[in-house]
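> Return atomic coordinates for the entry below.
(one chain, ligands or ions: 1)
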Amino acid sequence: MSNVRRLYREPAIASHEGATTADSPKPKHVAIVMDGNGRWAAGRRLPRHVGHRAGYRVVRNLVRLAIERDIRHLTLFAFSSENWKRPEIEVSALMKLFLQALRREVNDLDDNGVKLDFLGARERLSAPLRKLMEETETRTAGNDRLRLHVAVSFGGRWDIVSAARRLSEAAAAGRMDPASVDEAALRRAMSLPDMPDPDLLIRTGGECRISNFLLWNLAYTELYFTDVLWPDFDAAQLDAALGIFSRRHRRFGTVTAGAEHA
Ligand code: FPP
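I've put the predicted structure just below:
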């Protein structure tokens, strides 16, 4: 990896530096691009689907960690609009993994107060997977300890275009005045209208880009990139990211209090 690419990453920190205290700013919503499963598997001379299975085990652990750390929303990029272009064998392995994971996890998620929902173009998914998604959403709808949003067949551009189409259709049908289209109206027409914007985006696997994830919602999100491959992401990695977040100064386009006359 070149030094130039390194410049864009967080400096290495000792594990104790990532620690947060009770009054450190904490993200209420963490979004994650779980990258690096394929390279993790390749490094062990294993097929890519083994990397995805290892990645799923990390997701199970992460849900528990998120609850322990009082994260209220966790959004995971499990399969992008572009991932459909991967070899058929990998796409089917991932779809099979999603089905198995949902069947296996629904009881535990429900028992732990997790409300699960999905964002993405569901019409592209198989009927059994769609049915299981709907059943899981219904079953966990009353929970509020952690809201787990899983993006499957999702793209940020798809979400914005779908919302724009919904508004255009409403305007064409006379149900809404085109002049009333504003940020709030667009947000209401998007995948998860009641989801607050992520405070922190974590991307593993060494790439420093958004890759068509939540384009609208990430406008003021703090970005954290790490070289760690997703199957190696553990509690220490999460705490390092939370520690970095706690030291960021979020201004949302305004100035820091007290700096108005500087
Ligand atoms: C990107 O790594 C990862 C994916 C496209 C799949 C992510 C899915 C999981 C972690 C399983 C999650 C399961 C549930 C139930 C949410 P990559 O394949 O692009 O890795 P590479 O960049 O090393 O090739």
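> now the closest residue to the ligand within the stretch 51-200 of the chain, nearest residue through space, not along the chain?
Using CB to the nearest ligand atom, the closest approach of the stretch 51-200 of the chain to the ligand is made by Gly55 at 2.8 Å. (Each C-beta comes from the backbone N, C-alpha and C, glycine too.) Closest residue to Gly55 apart from its sequence neighbours, by CB to CB, 6 or more residues apart in numbering: Asn37 at 4.4 Å.
> Settle this for me: the one you found is touching Trp230, isn't it.
Yes. Between Asn37 and Trp230 there is a contact under CB atoms under 8 Å: 5.5 Å.
> Neighbour count for those two, which is higher?
Trp230 (28 against 24; other CB atoms under 10 Å).
> which residues of the stretch 151-262 of the chain fall in strands?
Applying DSSP state E, counting those that start in this stretch to the stretch 151-262 of the chain gives strands spanning 200-203, 222-225.
> Between Asn37 and Trp230, which contacts overlap?
Gly55 (CB atoms under 8 Å, 6 or more residues apart in numbering).
> Show me where the stretch 1-150 of the chain dips below the pLDDT cut-off.
Within the stretch 1-150 of the chain, the stretches with pLDDT under 70 are 1-22.
> give me that answer again for 90
For the stretch 1-150 of the chain, residues meeting the criterion pLDDT under 90 lie at 1-25.
> which parts of it sit against the ligand?
Residues of the stretch 1-150 of the chain found near the ligand (CB under 6 Å from any ligand atom) are 34-39, 52, 55-56, 59, 76, 78-79, 83, 97-98, 101, 150.
> list the helices and strands the helix or strand hosting Glu135 packs on?
Glu135 belongs to helix 127-140 when assigned by DSSP states H and E. Contacts defined by 3 or more CB pairs under 8 Å, 6 or more residues apart in numbering; DSSP states H and E place helix 127-140 against helix 88-111, strand 114-119.
> need the ones you listed in CSV with mean neighbour count, can you?
Shown next, in CSV, are the helices and strands packed on helix 127-140 (neighbours: other CB atoms under 10 Å):
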stretch, mean neighbour count
helix 88-111, 15
strand 114-119, 21
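> tell me the contacts of Arg203?
Residues in contact with Arg203, defined by CB under 8 Å, 6+ apart, are 32-33, 35, 209, 223-226.
> Write the PyMOL selection for whichever of those are buried.
Burial among the contacts of Arg203 is assessed by 16 or more other CB atoms under 10 Å; the matching PyMOL selection reads:
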select buried, resi 32+33+35+223+224+225+226
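> For the ligand, state which of the contacts of Arg203 is nearest.
Of the contacts of Arg203, the one sitting nearest to the ligand (CB to the nearest ligand atom) turns out to be Asp35, at 4.7 Å.
> I'd like the distance between the closest one and Ile71.
Going from Asp35 to Ile71 by CB to CB, to the nearest Å gives 20 Å.
> that older thread, to Lys28, which of the helices and strands packed on helix 127-140 lies closest?
The closest of the helices and strands packed on helix 127-140 to Lys28 is strand 114-119. By CB to CB, the value is 14.5 Å.
> hmm, who's touching that closest one?
63, 67, 75, 106, 109, 133, 136-137, 140-152, 154, 159, 191-192.
> Buried ones among the residues you listed?
Burial by neighbour count, 16+ other CB under 10 Å: within these this picks out 63, 67, 75, 106, 109, 133, 136, 140, 143, 146-152, 154, 159, 191-192.
> Those residues in helices, which ones?
The members of the buried ones among the contacts of strand 114-119 that map onto helices under DSSP state H are 63, 67, 106, 109, 133, 136, 140, 159.
> Can you name the two of those that sit furthest apart?
Within these, Ile67 and Asp159 form the most distant pair, 26.6 Å apart (CB to CB).
> how many neighbours does Ala78 have?
Other residues lying near Ala78 total 23 when counted by other CB under 10 Å.
> And it, its phi and psi?
Here is the backbone geometry of Ala78 (degrees, to the nearest 10): phi -90, psi -30.
> Would you mind confirming that it is in contact with Val150?
Yes. Judged on CB under 8 Å, Ala78 makes contact with Val150 at a distance of 5.3 Å.
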